[in-house]
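In: 3D model of this:
(chains A and B)
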Amino acid sequence: MSHPMPMTQNRVSVPVTVNAEKCIADKGCTVCVESCPLDLLAIDMAKGTAYMRFDECWYCLPCEKDCPTQAITVDIPYLLR
Amino acid sequence: MNEPMIDVDVLVIGGGTAGPMAAVKAKEANPKLKVMLLEKANVKRSGAISMGMDGLNNAVIPGHATPEQYVKEITVANDGIVNQATVMAYAQESYSMIEQLDRWGVKFEKDETGDYAVKKVHHLGAYVLPMPEGHHMKKVLYRQLKKARVEVTNRFMATRLLTDANGEIAGACVLDTREGTFSVIRAKSVILCTGAAGRLGLPSSGYLFGTYENPTNAGDGYSLAYHAGAELSGIECFQINPLIKDYNGPACAYVTGPLGGYTANSKGERFIECDYWSGQMMLEFHRELEGGNGPVFLKLDHLAEETISTIETILHSNERPSRGRFHEGRGIDYRSGMVEMHISEIGLCSGHSASGVWVDEHAATTVPGLYAAGDLAFVPHNYMLGAFVYGKFAGESAAARASSREHVEIDPVQLAAERERVLGPLARTDGLPPAQVEFKLRRLVNDYLQPPKVTRKMEIGLTRFAEIREDLAQMSATSPHELMRAMEVHFILDCAEMAARASLYRTESRWGLYHYRVDFPEKNDADWFCHAQLKKGDDGEMTHFKRPIAPYLVPLDEEEKQAYNRLRIVKEAVAA
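Out: Presented below is the predicted three-dimensional model:
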């Protein structure tokens, strides 16, 4: 067996912010998770809110527009700002 | 091991623009058929029009244009290399498709008499029909899918098509992108509607997903069709677009042009007569960008306040609505300054240029049972309305075939190999992260394939791509999501190799910047007035051959042929 491949984790700032006060994921809402064309959002079960799990954003806005409580803000990704 | 297997009559892969139309029309053609629409995202918000579209770029509306005029325009814009039968089939169906969409609830701009408010953007004719409220496109399509009782399967990705002993379509291997499970769908007809190869070049920002195209469109269908044995055409005719720098979205001259906006150089002067996207236009754009008068800008600051407000309302609510906040972040206001533009990364897209899977005027590919529509189907400059029209053709053709056939047995050898390829990265606990492999691959695409094209560079590119091919088997995935990205890297690599080989094959320059070869700078009609085809040979290697251009249905005179070669504004000589 070959040697394990050494790995590291890179920190990145992601463009989608979820307002925990407004998010109703704890009531079972998954609208943003379903609307993201790239499947980047997920629900944090412990916190009961949606969050951006992967840094692969097209800043296209369905998540923000479709959110029933206006809990989501999409910024332009830092590299493009 | 036995895979989960389900049977459908018609399988539509890709639920963006052409796909929903194809599925609805297949079901309408024969309501008894089981029609499945498979989508990598969710059909409610997928594809190139996930946030809608601000207009039709190629409306052929009686009183404004004729099918013959349109066929002529596209033939000239695409430097003669078109199968006019396919463009004519589109043009003749264009108006009835607009009426169909109108009945479905799509809102087009109309004048005070109720007539469609067509604008002139192309070099010769008038084909642009604005849709200021076009953000509702996906809702309109979704209603029709429900009404027609199409079975929608979201968050699944096709990885390979399956063929029978005669080379005819038998079905597809699919990956559940949330569960990471592999299964088989047997189908009598398959329609590919997977969009452009939009994640081919790397945007100059370095952000992998900051692409012009919806980055979900990784070129899946180009690779699927290739491995199924289909002919592809014009792959060397790259998609390269004039975009807002860094934001990498369209500047939308089609929206701003009719209202008085235009593409300008750093002095604020026009340098091209026509902002319609063509290779010839892109070459002039490239020259201005690299020349002393560069860079290039979108100029709106000379317009009246109410005009600018109208432009903002349209552009900041349709297609790429985050554009407004991008400008805000940079302190750019259309009223007081110009917007810096740039040239996009390369892609493959017949919707904008002409690289795609070869189809006839019934949307049939060269593989029996396989149909294609939308950005990946070889119907030049077809745009959204062309996707709908060919979606309709594909749905009807696929339904006719499926109505008179039985399912065939799936070859267990094909299946086992594919299962291993697809699930390999999940089983590997230790290996290359797919994102890193993708970054390197797409950076190499920029280095070696971005026009102007240089023979030796493209050859080096092929060597480096072969090294990346070795790396594919070393990728590991820590989640089903990452597995989806890993399989997309396979698609992207296939597209990169096709792009390089197709570009090397055509030893001339054509389509302006799209295929500008520095070491073959002239157009050579004697040898290359033909389609350049690419397919997987019997030995498994990429093969190339010429396909003659079918005699034109709408002939062109010599004067007309030159129209797109005269895009640069010629300044009148100042008397000494």
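
In: gap between the longest helix along chain B and the chain center?
Out: The longest helix of chain B (DSSP state H) is helix B:480-505. Between the centre of helix B:480-505 and the centre of its host chain there is 15 Å, according to C-alpha atoms, centre = their mean, to the nearest Å.

In: which helices and strands does it pack with?
Out: With contacts taken as 3 or more C-beta pairs under 8 Å, 6 or more residues apart in numbering or on different chains; DSSP states H and E, helix B:480-505 sits against strand B:156-163, strand B:169-176, helix B:220-227, helix B:412-427, helix B:434-449, helix B:455-472, strand B:530-536, strand B:542-548. Backbone N, C-alpha and C define where each C-beta goes, glycine included.

In: give me that answer again for 6 Å
Out: Where contact means 3 or more C-beta pairs under 6 Å, 6 or more residues apart in numbering or on different chains; DSSP states H and E, helix B:480-505 is packed against helix B:220-227, helix B:412-427, helix B:434-449, helix B:455-472, strand B:530-536.

In: can you count the residues close to residue 76?
Out: Just so you know, I chose chain A. 21 (other C-beta atoms under 10 Å in any protein chain shown).

In: meant chain B actually
Out: 22.

In: Could you look up the SS state of it?
Out: The local conformation at residue B:76, judged by DSSP: H, G, I helix; E, B strand; the rest coil, is helix.

In: List the beta-bridge partners for the most centrally placed residue in chain A.
Out: Central residue check for chain A by C-alpha atoms, centre = their mean: the C-alpha nearest the mean position is that of residue A:52, 1.6 Å away. Beta bridges link residue A:52 to residue A:41 when assigned by DSSP bridges.

In: Who are the contact partners of it?
Out: Residue A:52 makes contact with A:14, A:16, A:40-41 under the criterion C-beta atoms under 6 Å, 6 or more residues apart in numbering or on different chains.

In: From these, pick the one nearest chain B.
Out: Distance to chain B across the contacts of residue A:52 (C-beta to the nearest C-beta) is lowest for residue A:40, with 8.4 Å.

In: Number of residues surrounding the residue nearest to the closest one when sequence neighbours are not counted?
Out: In space, residue A:40 comes closest to residue A:54 once its chain neighbours are excluded; the distance is 4.5 Å by C-beta to C-beta, 6 or more residues apart in numbering or on different chains. Residues near residue A:54, counting by other C-beta under 10 Å, number 19.

In: Residue A:54 and residue A:39 touch, don't they?
Out: No - using C-beta atoms under 6 Å, residue A:54 is not in contact with residue A:39; the gap is 7.8 Å.

In: Would you mind measuring from residue B:120 to chain A?
Out: Note on residue B:120: its distance to chain A, by C-beta to the nearest C-beta, to the nearest Å, is 30 Å.

In: near chain A, which residues of the stretch 401-550 of chain B?
Out: Residues of the stretch 401-550 of chain B found near chain A (C-beta under 6 Å from any C-beta of the partner chain) are residue B:430.

In: can we see that at 8 Å?
Out: B:430-433, B:481, B:484-485 (C-beta under 8 Å from any C-beta of the partner chain).

In: which one of those residues sits closest to chain A?
Out: residue B:430 (5.1 Å).

In: Sketch out the low-pLDDT regions of the chain for me.
Out: Because you didn't say which chain, this covers chain A. A:1-2 (pLDDT under 70).

In: Can you look at chain B instead?
Out: Those would be B:1-2, B:571-576, if you go by pLDDT under 70 across chain B.

In: re the thing from before, intersection of neighbour lists for residue A:54 and residue A:39?
Out: residue B:481 (C-beta atoms under 8 Å, 6 or more residues apart in numbering or on different chains).

In: How about the secondary structure of residue B:188?
Out: strand.

In: Spatially, and excluding backbone neighbours, which residue is closest to it.
Out: Closest residue in space to residue B:188, ignoring its immediate chain neighbours: residue B:402 at 3.9 Å, by C-beta to C-beta, 6+ apart.

In: OK, contacts around that neighbour?
Out: By C-beta under 8 Å, 6+ apart, the neighbours of residue B:402 are B:9-10, B:26, B:30, B:33, B:187-189.

In: can you check residue B:521 too?
Out: residue B:509.

In: That one and residue B:263: what is the separation?
Out: 24 Å (C-beta to C-beta, to the nearest Å).

In: so where do the strands sit in chain A?
Out: A:16-18, A:41-44, A:49-52, A:72-74 (DSSP state E).

In: how about a markdown table for these, with distance to residue A:59 added?
Out: Formatted as a markdown table, those follow (distance: least, C-beta to C-beta, whole Å):
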| stretch | distance to residue A:59 |
| --- | --- |
| strand A:16-18 | 9 |
| strand A:41-44 | 13 |
| strand A:49-52 | 12 |
| strand A:72-74 | 6 |
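
In: could you say which helix or strand contains residue B:309?
Out: Per DSSP states H and E, residue B:309 falls inside helix B:305-315.
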